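[1] Please find the sequence and the predicted model below.
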Amino acid sequence: MKLLLHTCCAPCSVYCIGTLREEGIEPTVYWFNPNIHPYMEYKARRDCLRQYTNDIGIEAIFEENYGIRDFCKNVVNDLENRCQKYCYPVRLEQTAKYAKENGYDSFSTTLLVSPYQNHEVLIKVAEEMAKKYDIKFLYRDFRVGFRQGQAKARELGLYMQKYCGCVFSEPIPNYDHKSLKPITPNGYEYQKEPRLQVKRIENKEDYMEMFLEADPSENMIYKYLNDSDVYALKKEDEIICIAVILPISRKVLELKNIVTKEKYRNKGYAKILLKSLCGNYKQKYEKMLVGTTENNIPFYVKQGFDKYEKTIKNFFIDNYEEEIKDGELVCTDMIYYSKNLKKR
């Protein structure tokens, strides 16, 4: 099946694309959202989607139309019904039209994942456009995966918007349940995702067991622990990731230790914690260093540690009594990279 998937943003696409791929359907992502304003919001969502589709290797088409003039002209006299009278029809019609003209078998939309959209009206509008352009509308009730998709998007560090897109919805937070009630599929209740928090740790030595997973020498850890700041990423009351930051001058810091509990690894939590810490420290410091092994260089480069600083030859041989291994790699040299905290 050749499917054109209208896509409003990267976070909403995560679950939709994932489940379609599980069905054996490889959709083409289609960006056409002239109702998203102001321009910086439009650009942030578009650019995030462009990066995400590139990362997961999926074809994407970007139809540029920052249509604030037409949007305002068409909705200003009936704001309460702007979704069903303008936002849904203008996007779904363009998607159906493009799909028909470019040889697609069907079309669908990631709007179907959101419990905050009017699901029944979306289906009605899509079916009308399918009939008008003689093309199949592929319906899926993606709402059952809304929380799962949002949690995955946060783990990936995707840009998470705070409102549906148009300027008239901006004052209402998208997750303010007092003003917006999610519409759920029959017989299904959403499980609320535990909130992630970054907390400073004072009783540092209590977490020695975790530190040792990243640095297997207590003597080495004690050399930097007392002068360091320790922060943890918590999910409810459980610490899932922890990091040690050592100030080494008025403008420079060093990431000395970062480790995630085994059951939470490879889910993006270290990235979330590191991103939060860099954002916090950039108010006072200019650069953060990290010393690492060859295997971990790609991870740190992706997090912005993209400047090579130096290599300390035989560091792990000279400072550790036992052989240090990182996977199959026998560690010898310590390789330093840095991140410019002021760089946007």
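    Yes, it's here. Numbering: from 1, shown residues only.
[2] host element of residue 255?
    strand 252-260 (DSSP states H and E).
[3] Which stretches in the stretch 101-250 of the chain count as helices?
    Assigned by DSSP state H, counting those that start in this stretch, the stretch 101-250 of the chain shows helices spanning 119-133, 146-156, 208-214, 218-225.
[4] If you count contacts, what does the last one end up packed against?
    With contacts taken as 3 or more Cβ pairs under 8 Å, 6 or more residues apart in numbering; DSSP states H and E, helix 218-225 sits against helix 208-214, strand 238-247, strand 252-260. (Each C-beta comes from the backbone N, C-alpha and C, glycine too.)
[5] can you put the ones you listed in TSV and add distance to residue 201?
    Rendered in TSV, the data for those read as follows (distance: least, Cβ to Cβ, whole Å):
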stretch	distance to residue 201
helix 208-214	10
strand 238-247	7
strand 252-260	12
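[6] Out of these, flag the one nearest residue 55.
    Across these, residue 55 has its closest neighbour in strand 252-260 (20.5 Å, Cβ to Cβ).
[7] So which elements touch the closest one?
    Using 3+ Cβ pairs under 8 Å, 6+ apart, strand 252-260 sits against helix 208-214, helix 218-225, strand 238-247, helix 269-281, strand 287-292.
[8] CA atoms only: put that strand into CSV for me.
    Extracted in CSV, the C-alpha atoms of strand 252-260 (Å, rounded to 0.1, in the frame of the first residue of the first chain):
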residue,chain,number,x,y,z
VAL,A,252,34.7,25.2,32.4
LEU,A,253,33.0,22.1,33.8
GLU,A,254,33.7,18.4,33.4
LEU,A,255,31.2,15.6,33.2
LYS,A,256,32.9,13.0,35.4
ASN,A,257,30.3,10.3,35.6
ILE,A,258,26.9,9.5,34.1
VAL,A,259,25.0,6.3,34.4
THR,A,260,21.5,5.0,33.9
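[9] what lines up beside that strand in the sheet?
    The pairing partners recorded for strand 252-260 under DSSP bridges are strand 238-247 (antiparallel), strand 287-292 (parallel).
[10] Need the ones you listed in TSV (columns: distance to residue 74, mean pLDDT and mean neighbour count).
    Formatted as TSV, the strands paired with strand 252-260 follow (distance: least, Cβ to Cβ, whole Å; pLDDT from 0 to 100; neighbours: other Cβ atoms under 10 Å):
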stretch	distance to residue 74	mean pLDDT	mean neighbour count
strand 238-247	47	94	20
strand 287-292	48	95	20
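[11] helices and strands of this structure: which one has the lowest mean pLDDT?
    Between all helices and strands in the chain, the lowest mean by mean pLDDT, DSSP states H and E belongs to strand 325-326, at a mean of 80.
[12] starting at the chain centroid, how far to that strand?
    29 Å (Cα atoms, centre = their mean, to the nearest Å).
[13] what does stretch 298-315 contact?
    Residues outside stretch 298-315 that contact it (Cβ atoms under 8 Å, 6 or more residues apart in numbering): 271, 274-275, 278, 288-292, 332-340, 343.
[14] repeat that for 10 Å
    Where contact means Cβ atoms under 10 Å, 6 or more residues apart in numbering, the residues beyond stretch 298-315 that reach it are 157, 255, 258, 270-271, 274-275, 278, 287-293, 296-297, 318-319, 324, 331-341, 343.
[15] circling back to that earlier point, nearest approach to residue 106 belongs to which of the helices and strands packed on strand 252-260?
    helix 269-281 (35.4 Å).
[16] Just give the nearest non-adjacent residue to the residue nearest to the spatial centre of the chain, would you?
    With distances taken as Cα atoms, centre = their mean, the residue of the chain nearest its centroid is residue 158 (2.2 Å). Closest residue to residue 158 apart from its sequence neighbours, by Cβ to Cβ, 6 or more residues apart in numbering: residue 10 at 4.8 Å.
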